[in-house]
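Engineer: what's the 3D shape of this:
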Amino acid sequence: PCGCQGRPRGGLARSSAHIRGVREGDSPVLVVHAGAAFDDTQAFEGGLRADVPVIDKWFVSGLEHIGVSAMNVTAVDLPALVALGPLADLLPKVSANVRGPGIARYRIVVLGDLRVGVTGVSAVPAVAPVAPGTAIVAPLRAARDVVAELAPQVDLVVLLSWRAPEVARALAMSGDVDVVVDANAHIGRTPPMRI
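Structural biologist: Model prediction:
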């Protein structure tokens with residue numbers, strides 16, 4: 001579980017049970033994570049705290065178990081992904097504006113008769129974590145470029161957004177993105193909006 005004292009929403013076990021129940025129906029299921037999936041708790045002397053890689057390894061196992069189709073990589077995730085090494089390659093990582101080893105600009109998932117394209121965007125932090133071989137670029141331009149390439153190949157475009165609501169809104173308003181999943185930094189839930 002996330003460890004939240006005020007409003008705990010469960011963890012991988014709850015997510016797994018919910019997804020399993022939905023999959024028992026007739027509709028195809030797309031499981032995504034909108035971003036900031038990994039623990040990035042820093043040690044007093046700098047770098048990740050010693051227990052963080054162990055937590056993140058178990059989290060990777062959980063994501064594999066529930067069958068996540070795509071997960072948005074954010075700047076917050078970069079130190080953990082570097083620390084995970086080859087284990088991080090097991091994850092279906094996407095991002096239009098966070099670049100690094102094993103991070104695809106988008107993924108195409110076939111769900112029944114639908115071809116669904118998934119990409120992600122995230123905010124550029126004031127102080128970006130330093131991770132070898134990674135870069136974070138401006139989200140709006142990067143996402144527009146990715147969506148322009150992706151849209152002709154698929155029936156549905158899904159944008160995963162973490163702390164980039166203005167980018168998500170601009171892309172939704174453009175009509176090039178069909179569905180936006182905005183994590184809003186995991187600080188609250190807003191009702192679905194149709195544009």
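Engineer: Give the residue spans of the protein that score low on pLDDT.
Structural biologist: Counting by pLDDT under 70, the ranges of the chain that qualify are 1-10, 128-130, 185-189.
Engineer: which strand is the longest one in it?
Structural biologist: strand 114-122 (DSSP state E).
Engineer: From the chain's centre, how far out is the helix or strand following that strand? Work that out for me.
Structural biologist: For strand 114-122, the following helix or strand on the C-terminal side (DSSP states H and E) is strand 135-136. Taking C-alpha atoms, centre = their mean, to the nearest Å, one finds the center of strand 135-136 at 15 Å from the center of the full chain.
Engineer: Pull the distance from the longest strand of the chain to the chain's centre.
Structural biologist: 10 Å.
Engineer: Each with direction, which strands does that strand pair with?
Structural biologist: Sheet pairing of strand 114-122 (DSSP bridges) gives strand 107-111 (antiparallel), strand 156-162 (parallel).
Engineer: buried ones in the last one?
Structural biologist: Buried residues in strand 156-162, defined by neighbour count with 16 or more other C-beta atoms under 10 Å: 156-162. Placement of C-beta: from N, CA and C, glycine included.
Engineer: In this structure Val116 contacts Leu30, no?
Structural biologist: Yes - Val116 lies in contact with Leu30 (C-beta atoms under 8 Å); the separation is 6.0 Å.
Engineer: out of these two, which sits in the more crowded spot?
Structural biologist: Neighbour count, other C-beta atoms under 10 Å: between Val116 and Leu30, Val116 has more, with 22 against 17.
Engineer: Excluding chain neighbours, what is closest to the spatially most central residue of the chain?
Structural biologist: For the chain, the residue nearest the mean C-alpha position is Asn72 (2.1 Å; C-alpha atoms, centre = their mean). Leaving aside its chain neighbours, Asn72 sits nearest to Gly120 (2.9 Å; criterion: C-beta to C-beta, 6 or more residues apart in numbering).
Engineer: Find residues that contact each of Val116 and Leu30.
Structural biologist: 109, 158 (C-beta atoms under 8 Å, 6 or more residues apart in numbering).
Engineer: Is it possible to get JSON lines of the strands paired with strand 114-122 that adds distance to Asn184?
Structural biologist: JSON lines is the format used below for these (distance: least, C-beta to C-beta, whole Å):
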{"stretch": "strand 107-111", "distance to Asn184": "22"}
{"stretch": "strand 156-162", "distance to Asn184": "8"}
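Engineer: So what pairs up with the residue nearest to Ala70 when sequence neighbours are not counted in the strands?
Structural biologist: The shortest distance from Ala70 to any non-neighbouring residue, by C-beta to C-beta, 6+ apart, is to Val118 (4.0 Å). The partner list for Val118 in beta bridges (DSSP bridges) reads Arg107, Val158.
Engineer: Quick check: the gap between Val118 and Asn184.
Structural biologist: Val118 sits at a distance of 18 Å from Asn184 (criterion: C-beta to C-beta, to the nearest Å).
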